[in-house]
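> need a 3D model of the following:
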Amino acid sequence: MEIITAGTTPDRLAKPDWFTGRVWQTPIVEAPAPARVRALRVSFEPGARTAWHTHPLGQTLHVLSGIGLVGLRDAAPRVIRPGDTVWIPPGEEHWHGATPESMMCHIAIQEADAEGQVADWLEHVSDADYRRAPD
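Sure thing, here's the model as predicted:
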């Protein structure tokens, strides 16, 4: 067993290659093999969001605070709130982030594939896609 003491894992600013705006990531777990689970606490400042991406084995998001958006290709984004859990199937192109007016924090849980990959990153989400009226 390993206990990671609160406050000992540093927050890190997410790579701008994969995010728009300021996004902070705090690792929760990157389990050693043969386990494949990875989890992060991700905090988005207002207007911040991921780029389009997919996950080879899918992804679960669980919203902790704030108000967020999650979007799929050719669809209006959906609003997500604290307590909401979102399942994104393998290979589904999507993005997620904060609304323009509110921060949002979620836990992102995904598994690595056999090669250790957890995400396939695509292009940045356009302002038009981001600002599309939510469903």
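> residue contacts, residue 98?
Residues in contact with residue 98 (CB atoms under 8 Å, 6 or more residues apart in numbering) are 21, 44, 45, 46, 47, 48, 49, 66, 67, 68, 69, 104. For every residue, glycine as well, the C-beta is placed using N, CA and C.
> farthest-separated two in the residues you listed?
Using CB to CB, the contacts of residue 98 span at most 15.0 Å, a distance reached by 21 and 67.
> one step back: mark which of the contacts of residue 98 are buried, thanks.
With burial judged by 16 or more other CB atoms under 10 Å, the buried subset of the contacts of residue 98 is 21, 44, 46, 47, 48, 49, 66, 67, 68, 69, 104.
> low-scoring pLDDT stretches of the chain, where are they?
Scanning the chain for pLDDT under 70 picks out nothing.
> ranges for the strands of it?
Taking DSSP state E as the test, the strands found in the chain are 12-13, 19-20, 23-30, 37-44, 49-50, 53-54, 59-66, 68-72, 78-80, 85-88, 94-98, 104-111, 120-121.
> what's the fifth one packed up against?
Looking back up the chat, that one is strand 49-50. strand 19-20, strand 94-98 (3 or more CB pairs under 8 Å, 6 or more residues apart in numbering; DSSP states H and E).
> just checking: what are the partner strands of the first one?
Taking DSSP bridges as the criterion, strand 19-20 pairs within the sheet with strand 49-50 (antiparallel).
> thinking again about what came up before, tell me which of the buried ones among the contacts of residue 98 is nearest to residue 84?
Looking across those and measuring by CB to CB, the closest to residue 84 is residue 68, at 8.4 Å.
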